[in-house]
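In: give me a model of this one.
(2 chains, ligands or ions: 1)
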Amino acid sequence: MAKTVFEKIWDQHVIRTLSDGRTLLHIDRQLIHDGSSRQAFDGMRTMKRRVRNLELNVAVVDHIVSTLPGRTGESHLPGIERIHALRNNAQEFDMEFYDVNDPRQGIVHVIAPETGLTLPGITMVCGDSHTATNGALGAICWGIGTTEVMYVMAAQSLLVRKPEQMRVIFEGRIAPGVSAKDLVLYLIGKHGVKCATGHAVEYAGETISAMPMEARMTICNMSIEFGARMGLIAVDDTTIDYVRGRKFAPKGVLWDKAEAQWRELVSDFDARFNREIRIRCEDIKPQVSWGNSPQEMTSVDGRVPDPASFADAERRESAATALAYMDLQPGQKLEGTPIDYAFIGSCTNSRLSDLQAAAAVIKGRRVKHGVQALVVPGSMEVKAAAEAIGLDKVFTDAGFEWRNAGCSMCVTSNGDVVLPGKRSISTTNRNFEHRQGPKSRTHLASPATVAVSAIAGCIADVRKSLS
Amino acid sequence: MDRFTKVEGIAAPMMVANVNTDALSPTAAGKSTSVDLGKLLFANSRYNLDGSEIPEFVLNREPYRQAKILVTGENFGCGSSRERAVWALQKFGIRCVIAPSFADIFRDNSYQNGLLPLELPADVCNKLADLLEHANNPEMSVDLETQVVTGPNGFRHSFEVSAERRMALLEGLDEMSVILRMEPEIDQFQAADRVQRPWIYERA
Ligand code: SF4
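Out: Okay, here's the model as predicted:
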């Protein structure tokens, strides 16, 4: 029978299907972080259980850790308790752990692919919704709650219901100044935040095939804002080339065996999808959000909509609330709106290629006076790689702060916050009310758009900075 | 896990769509285990920056302060996977959320903790919210045994929850025990899988 990539991977992980239709699915990897694991370890202690497969679980600090130069686990006072808890738990349960000053430390969804913990064909979970990022390598990866984190520690498997299958096909060339982030923001803006609820989404089409791996991760990352729990991309040469030689990737004859299996991970030509969406990419412009939901999106040269223009009552109400919260007027041009913060980072856009895209448009220019601009590499490895090619200099010369790896201003648990009433343009994935701090105002955009906006001191169109 | 059979009490109408987990349990609530999650439920809309209450917010109003049920808009619980969002609702006293749709992770997290995420059609939710807004006594009941919701002015609607979820809630069964009963099969799976895909278990 014809199968989607998703179904091929899924079928290989079925331990048993229950009479109620749920499946006990094997989990190949679990990543644990400081933000959502504590009660899971407590539960294990209560049950007097050890972690079933220690070799399949890895823990790292990312959410709460300070990103300041010279940081330690104690730099951010309110975070100490939880960093200590994770350190002690990892030690007590004997779990592999990347601590604050480990060169492998970074945001879970950045370090997993980069170390080769993520491999094609695996199932992976993490107590974090953006785990879908890893699906870019041709894997089923999704976010779970803390109770399920404990189940996986105890049994290395989960009871799940198979999601419906959706395919999003991107076609056509991307215009200069437009990035993978703009494509996924456009998709969500056009089809809404609950479009993919209950589905696993496969991203396909010539645009995806031509896309480098890190850009694919940005697309899969925002599957959750599109309503899906899982997003993935079929395996091709780009995937294989990316994985080859990674620290934890198989080597020698094992590699050959693995590669042969992975090459099968494409959807059969006659595989059935419950839904299919096509996106033409040529006309997509750089995107910027204006509201408090990732679907409240327009192009950078667009205008803030009039709430009255929405036919749907809920969208109308949401837009009106958002405009008040964001301090924007209907019809106002987004371009030129003054900003106070520019943030380049998060699991959506903190990899080397993201930093390169940002650096390319700011060389020799200065951040506008009064704007706090931050670059937070997604991992210490990304940081080292960026420094090796002098990107840190480009950023600091321009007046950006150059930080250590972590989630930082994406979720503010580590003390990096946008102050009340201030406006931020950010490469993150959520523009919810208060997300970057109480009363903070967030505009989502690509790394290049954020970088040129930092220079201009207002929301700016990166296409005007291209030579 | 708590058993869930029937919930009766005050229901609060909150007809906004896409209520996210950052709203349910703000980042600040995650910093320490000693905080009262229920107090921080919806903190950013419930309190001013100086900590004083915002009187218009529905859960700051009487009698909704005692709400056990929340009636709300579509895609409830979207955003992050934080299970705290469910714990915060429960700590506040809410046992059941009624909405036209839920985000996938939130729905699972709710069932894991004995909070019922009840999906009713959008027009039913709207009508219910309207009744609750105008009733002198905005009380409701949600009966999982008979699968019937009742509300003000003789409101009555039946619903259906999948059989296994319903049983688990009624008996307060958590999934851990169900999964652990299948341990021999997990052993078998892994033994065969180690041969098929050794690179999964032996990291280079
Ligand atoms: S960077 Fe932001 S979205 Fe990504 S894992 Fe960290 S907090 Fe979550």
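In: so where do the strands sit in chain B?
Out: B:6-14, B:69-72, B:96-99, B:116-119, B:139-143, B:148-151, B:155-158 (DSSP state E).
In: and the first one, what's buried?
Out: Within strand B:6-14, the residues that qualify as buried by neighbour count (16 or more other CB atoms under 10 Å in any protein chain shown) are B:7, B:9-14. For the C-beta atoms, the positions are set from N, CA and C on the backbone; glycine is no exception.
In: between the residues you listed, which is nearest chain A?
Out: Within those, the smallest distance to chain A is 12.2 Å, found for residue B:14 (CB to the nearest CB).
In: surely the closest one is in contact with residue B:71?
Out: Yes - shown here, residue B:14 and residue B:71 form a contact pair, counting by CB atoms under 8 Å, at 6.9 Å.
In: helices along chain B, start to end?
Out: B:21-24, B:43-46, B:84-92, B:104-113, B:122-134, B:163-171, B:175-180, B:183-196, B:198-201 (DSSP state H).
In: out of everything not next to it in sequence, what's closest to the closest residue to chain B within the stretch 151-300 of chain A?
Out: Closest to chain B within the stretch 151-300 of chain A is residue A:250: 3.7 Å, counting by CB to the nearest CB. Here the nearest residue to residue A:250 in space, its sequence neighbours aside, is residue B:199; by CB to CB, 6 or more residues apart in numbering or on different chains that works out to 3.7 Å.
In: ditto for residue A:63
Out: In space, residue A:63 is closest to residue A:35, 3.5 Å off (CB to CB, 6+ apart).
In: what does the stretch 1-150 of chain A have sitting close to chain B?
Out: Proximity of the stretch 1-150 of chain A to chain B (CB under 8 Å from any CB of the partner chain) is limited to residues A:15-16, A:18, A:20, A:22, A:24, A:26, A:28, A:35-36, A:38-39, A:47, A:52-53, A:55-56, A:64, A:78-79, A:81-82, A:116-117, A:119, A:121-122, A:127-129, A:143-148, A:150.
In: tabulate the strands of chain B (CSV), appending mean pLDDT.
Out: Formatted as CSV, the strands of chain B follow (pLDDT from 0 to 100):
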stretch, mean pLDDT
strand B:6-14, 96
strand B:69-72, 98
strand B:96-99, 98
strand B:116-119, 97
strand B:139-143, 97
strand B:148-151, 96
strand B:155-158, 96
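In: could I get the helices of chain B as TSV with distance to residue A:325 and mean neighbour count?
Out: Formatted as TSV, those follow (distance: least, CB to CB, whole Å; neighbours: other CB atoms under 10 Å in any protein chain shown):
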stretch	distance to residue A:325	mean neighbour count
helix B:21-24	12	24
helix B:43-46	10	19
helix B:84-92	20	23
helix B:104-113	22	25
helix B:122-134	22	18
helix B:163-171	36	16
helix B:175-180	38	16
helix B:183-196	48	13
helix B:198-201	46	17
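In: Serialize those to TSV and add fields for distance to residue A:369 and mean pLDDT.
Out: Formatted as TSV, the helices of chain B follow (distance: least, CB to CB, whole Å; pLDDT from 0 to 100):
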stretch	distance to residue A:369	mean pLDDT
helix B:21-24	31	94
helix B:43-46	30	92
helix B:84-92	39	96
helix B:104-113	42	93
helix B:122-134	49	96
helix B:163-171	57	90
helix B:175-180	56	91
helix B:183-196	59	98
helix B:198-201	53	96
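In: how about CSV for those, with distance to residue A:316 added?
Out: Putting the helices of chain B into CSV (distance: least, CB to CB, whole Å) gives the following:
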stretch, distance to residue A:316
helix B:21-24, 20
helix B:43-46, 19
helix B:84-92, 26
helix B:104-113, 24
helix B:122-134, 14
helix B:163-171, 34
helix B:175-180, 40
helix B:183-196, 50
helix B:198-201, 50
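In: residue B:186: what's it in contact with?
Out: Applying CB atoms under 8 Å, 6 or more residues apart in numbering or on different chains, one finds that residue B:186 lies in contact with A:15, A:24, A:26, A:52, A:155-157.
In: separation between it and the ligand?
Out: 29 Å (CB to the nearest ligand atom, to the nearest Å).
In: what about that residue, distance to residue B:179?
Out: 8 Å (CB to CB, to the nearest Å).
In: shared neighbours of those two, anything?
Out: A:24, A:155, A:157.
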